[in-house]
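Asks: next comes the sequence, and after it the predicted model I'd like to discuss.
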Amino acid sequence: MIDVDATAAAARQRRRTWMLGGGLLAASALLSLALRGFLLPGLPVLSLSDALFAAGAVVFAVGLGRSGSVTARRPLGTTAIIGLAAWLLVASPLQQLLLPMEISFDDPAARGGYFQLVNMVGITVEAVTLVLAIIAAVQIGRTGVVPEPWAWAPLWALAVVIVARTLLSGMLPIPGLAGNQEGLGALFGLAGFLVAAAVAFLGVLAMILAVRPEPGSTVVYASGE
């Protein structure tokens with residue numbers, strides 16, 4: 001059952017939440033483009049843009065007041081968003097911890113084992129990220145807190161990110177790139193831009209929705225799934 005709360009207090013909670021969360025996502029996207037390689041002190045593989053994105057995601061999930069939550073604080077969607085934020089923060093450090101810092105590549109067996117480990121860890125990180133992101137995006141769309149059609153914007157952005165990650169994985173062969181360092185560099189730059197653009201789109205959209213007048217309603221509260 002879904003109960004609707006259209007009070008002024010609920011609208012204020014949404015505006016504050018979406019403005020803050022959107023600002024954090026937009027800042028994350030800008031920093032990922034402008035300050036690549038800038039890392040947080042004491043956390044050598046945690047970038048400031050990752051931290052801002054995670055903070056924004058948690059703000060959207062929990063809300064500054066229940067009415068601000070894009071998932072109405074339903075357990076599945078809220079847990080998926082918070083889990084995604086936490087996973088993005090620990091994934092890179094986890095990869096660094098699991099991968100050996102020094103290895104003798106003179107030994108073919110050691111070299112093969114190393115690359116198998118790299119592939120296994122990379123695939124695991126990507127798979128967990130994708131599952132959490134899909135669950136979060138679908139739950140935001142289904143909950144109905146964000147007005148249509150923008151409730152499905154996270155899914156649109158996720159599709160763009162998947163395309164970018166697919167380009168980087170080499171699953172879409174591009175003629176002329178083999179051994180072309182300049183071409184590979186351009187491809188990495190394009191993929192990074194697409195990811196940043198998708199995040200920036202979500203941030204800017206949230207801020208626009210925060211200041212747009214609401215025509216009569218609606219916060220969705222779930223009293224049961």
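Replies: Okay, I see it. Numbering: from 1, shown residues only.
Asks: if you count neighbours, what's buried in stretch 12-25?
Replies: 13-25 (16 or more other CB atoms under 10 Å). For every residue, glycine as well, the C-beta is placed using N, CA and C.
Asks: repeat that for stretch 125-140.
Replies: Of all the residues in stretch 125-140, those buried under the rule 16+ other CB under 10 Å are 125, 129, 132-140.
Asks: and of those residues, the nearest to A8?
Replies: Comparing the buried residues of stretch 125-140 against A8 with CB to CB picks out I140 as the nearest, at 23.7 Å.
Asks: ok, now which ones touch that closest one?
Replies: Neighbouring residues of I140 by CB atoms under 8 Å, 6 or more residues apart in numbering: 70-71, 77, 81, 146, 151, 154.
Asks: identify the farthest-apart pair in those.
Replies: I81 and A151, at 14.0 Å, using CB to CB across the contacts of I140.
Asks: quick check: L155 vs T166, distance?
Replies: To T166, L155 is 16 Å away according to CB to CB, to the nearest Å.
Asks: how about A159?
Replies: 11 Å.
Asks: likewise for V59?
Replies: Remark: distance between V59 and T166 (CB to CB) = 29 Å.
Asks: before we move on, what about I140?
Replies: Using CB to CB, one gets 23 Å for the distance from I140 to T166.
Asks: do the same with F115
Replies: 21 Å.
Asks: got it, and L84?
Replies: Computed as CB to CB, the L84 to T166 distance reads 19 Å.
Asks: neighbour-wise, which of the two wins?
Replies: For L84 versus T166, the count of surrounding residues by other CB atoms under 10 Å is larger for L84: 25 against 12.
Asks: which element is that one on?
Replies: helix 75-98 (DSSP states H and E).
Asks: against which helices or strands is that helix packed?
Replies: In terms of contacts (3 or more CB pairs under 8 Å, 6 or more residues apart in numbering; DSSP states H and E), helix 75-98 is packed against helix 48-62, helix 108-143.
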